[in-house]
Every structure is written in structure tokens, then in C-alpha cells.
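**Student:** kindly return the folded structure for what I paste below:
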Amino acid sequence: MTDSKPRERIYGRNPVREAGRGRRRVHRVWTSDDTAADELTVLAGSSDHQGIVAEVDPYPYADPAALLAPDDAFVVALDQVQDPRNLGAVCRSAEAAGAAGVVIPERRAAGVTAAACKASAGAVEHLPVARVRNLTDWLAAAKEAGAWAYGADGDAPTSFRTLDYSGRVVIVLGGEEAGLRPRVAGACDELVAIPTVGRVGSLNVSAAAAVLLFAVAEAHS
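**Tutor:** Numbering: from 1, shown residues only. Next comes the predicted model:
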């Protein structure tokens with residue numbers, strides 16, 4: 001019987017290796033040993049393939065309601081982050097920090113594409129990523145489940161260093177251009193800033209995520 005499920009292609013040494021160790025089946029692999037570089041570029045849809053491309057099952061998005069089941073779970077929620085490379089970089093930090101997962105909106109946001117997988121160095125193959133129809137509603141449900149939601153805002157008067165991150169925690173970060181939307185910011189328990197001393201006033205969303213996620217991880221250790 002022929003497998004009729006749609007398939008996706010991923011590329012890069014780490015993503016292909018981690019896909020083989022992760023949750024989705026790898027159906028076929030092309031490498032520079034048997035395929036010309038320009039052919040690999042066509043297969044990958046990118047020249048950033050590092051000499052390897054794989055055909056895999058579609059990405060298995062997680063159940064958003066299950067991410068905060070553990071008493072000490074911490075999750076990062078992204079409000080309309082649209083660059084798949086930023087999503088991938090956030091996922092890489094989240095997986096390294098021991099986060100329970102990442103939550104993204106279904107619309108107007110990057111999904112787990114091949115580019116996101118590459119930027120995550122394959123971390124998305126192990127880290128649960130969930131999509132929700134309405135991020136504000138999910139944050140409300142998370143707070144009902146006992147989580148504290150902290151939104152990153154460079155203009156907030158409260159430093160991230162002053163907070164108690166024990167128990168269930170959601171770190172909420174906004175998109176590349178506008179940051180947190182007002183409704184999403186309003187759904188957070190508190191807005192926090194990462195103090196900076198340089199001339200550039202704010203951090204990239206993936207850099208901010210790394211700072212905040214490892215602060216939570218340290219509090220949970």
C-alpha cells in the first residue's frame with residue numbers, strides 16, 4: 001500500500017540528522033555524494049543545504065493544552081513572529097533551556113518550515129511546537145492552569161531579573177516589527193524588560209528569548 005501522506009523536505013546536516021532521531025519518518029535522503037549541488041539547491045529550495053536534503057513526514061504540531069501539564073513547565077509564546085529563522089533560533093534556545101515547548105499563532109506567523117528547522121539546528125524535531133487559533137485565549141487558559149505569563153517589552157519598568165519564575169511560566173515575545181500586540185500584552189500578568197547599556201535599544205526576538213528562557217531555567221534548576 002502506498003503512503004499517501006504529504007511529505008516535506010528539510011535540509012542541512014543537523015536538521016536531517018535530528019529528524020532521523022526525532023518524531024517523524026525520514027523517507028529519502030539526497031547527498032552531495034550522489035547528487036549535484038545545483039540539484040540539491042532545487043530539491044531544498046535553498047542553497048543553504050550543506051550537501052544534504054531529506055524527504056520527511058509533515059511536522060507533527062503538539063497539543064497546546066498539554067504543554068503546561070507539569071507543575072514546573074515553562075513555555076515560550078510568540079506573537080506573530082514572521083521570520084522562520086527567528087522561530088528556529090527561538091526553538092533552539094527553548095530546547096537547550098529545557099522548555100516544555102513553543103506556542104505560535106496559526107495565522108500571520110512563521111510555521112515550522114525547512115528554514116525554521118535549519119535555523120533551529122534540528123531542535124524542532126525534539127521540542128514540542130503548538131499552534132493556536134487565538135494566542136490571547138491560550139494565555140488566559142494557561143493562567144487558569146496556574147501559569148504566570150510575562151511579556152517582553154523593552155519599555156517596561158520591571159527588569160526580568162527581579163521576578164520569581166517558580167512554578168508554571170509562559171514567556172511571551174512579540175513580532176519583529178511591532179512587538180507585542182496590545183491585547184496580547186494585556187493578557188500577560190506583567191511586562192518585563194531586559195536592561196541594556198549599549199546604543200542599540202532592543203534585542204532581536206531570538207536573543208531576547210534566550211536571555212529570558214535561561215533565566216527561567218536557572219530558577220527551575
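
**Student:** tell me the secondary structure at the most centrally placed residue in the chain.
**Tutor:** By CA atoms, centre = their mean, the chain has its centre lying nearest to Cys91, at 3.5 Å. For Cys91, the assignment made with DSSP: H, G, I helix; E, B strand; the rest coil gives helix.

**Student:** quick one: low-confidence parts of the protein?
**Tutor:** 1-4, 200-201 (pLDDT under 70).

**Student:** Gly122: what's it in contact with?
**Tutor:** Contact partners of Gly122, counting by CB atoms under 8 Å, 6 or more residues apart in numbering, are 12, 14-19, 22. For every residue, glycine as well, the C-beta is placed using N, CA and C.

**Student:** and if you look at Val90?
**Tutor:** Applying CB under 8 Å, 6+ apart as the definition, the contact partners of Val90 turn out to be 76, 78, 81, 102, 173, 205-206, 209.

**Student:** export the contacts of Gly122 to JSON lines and tack on secondary structure, neighbour count and distance to Val112?
**Tutor:** Supplementary listing: those in JSON lines, determined by DSSP: H, G, I helix; E, B strand; the rest coil; neighbours: other CB atoms under 10 Å; distance: CB to CB, whole Å:
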{"residue": "Gly12", "secondary structure": "coil", "neighbour count": "25", "distance to Val112": "14"}
{"residue": "Asn14", "secondary structure": "helix", "neighbour count": "17", "distance to Val112": "15"}
{"residue": "Pro15", "secondary structure": "helix", "neighbour count": "30", "distance to Val112": "11"}
{"residue": "Val16", "secondary structure": "helix", "neighbour count": "24", "distance to Val112": "15"}
{"residue": "Arg17", "secondary structure": "helix", "neighbour count": "16", "distance to Val112": "17"}
{"residue": "Glu18", "secondary structure": "helix", "neighbour count": "20", "distance to Val112": "13"}
{"residue": "Ala19", "secondary structure": "helix", "neighbour count": "23", "distance to Val112": "12"}
{"residue": "Gly22", "secondary structure": "coil", "neighbour count": "19", "distance to Val112": "12"}
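
**Student:** mind putting those residues in TSV, distance to His220 included?
**Tutor:** Listed next are the contacts of Gly122 as TSV, based on distance: CB to CB, whole Å:
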residue	distance to His220
Gly12	31
Asn14	26
Pro15	28
Val16	32
Arg17	28
Glu18	24
Ala19	28
Gly22	24
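
**Student:** buried set for the helix or strand hosting Ala141?
**Tutor:** Element membership for Ala141, per DSSP states H and E: helix 135-144. By neighbour count on 16 or more other CB atoms under 10 Å, the buried set for helix 135-144 is 135-136, 138-139, 142-143.

**Student:** CA atoms of that helix as CSV?
**Tutor:** In CSV, the C-alpha atoms belonging to helix 135-144 read as follows (Å, rounded to 0.1, in the frame of the first residue of the first chain):
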residue,chain,number,x,y,z
LEU,A,135,-2.9,33.5,21.4
THR,A,136,-4.8,35.7,23.9
ASP,A,137,-7.3,32.9,24.6
TRP,A,138,-4.5,30.4,25.1
LEU,A,139,-2.7,32.7,27.6
ALA,A,140,-6.0,33.0,29.5
ALA,A,141,-6.2,29.2,29.7
ALA,A,142,-2.6,29.0,30.7
LYS,A,143,-3.2,31.4,33.6
GLU,A,144,-6.3,29.4,34.6
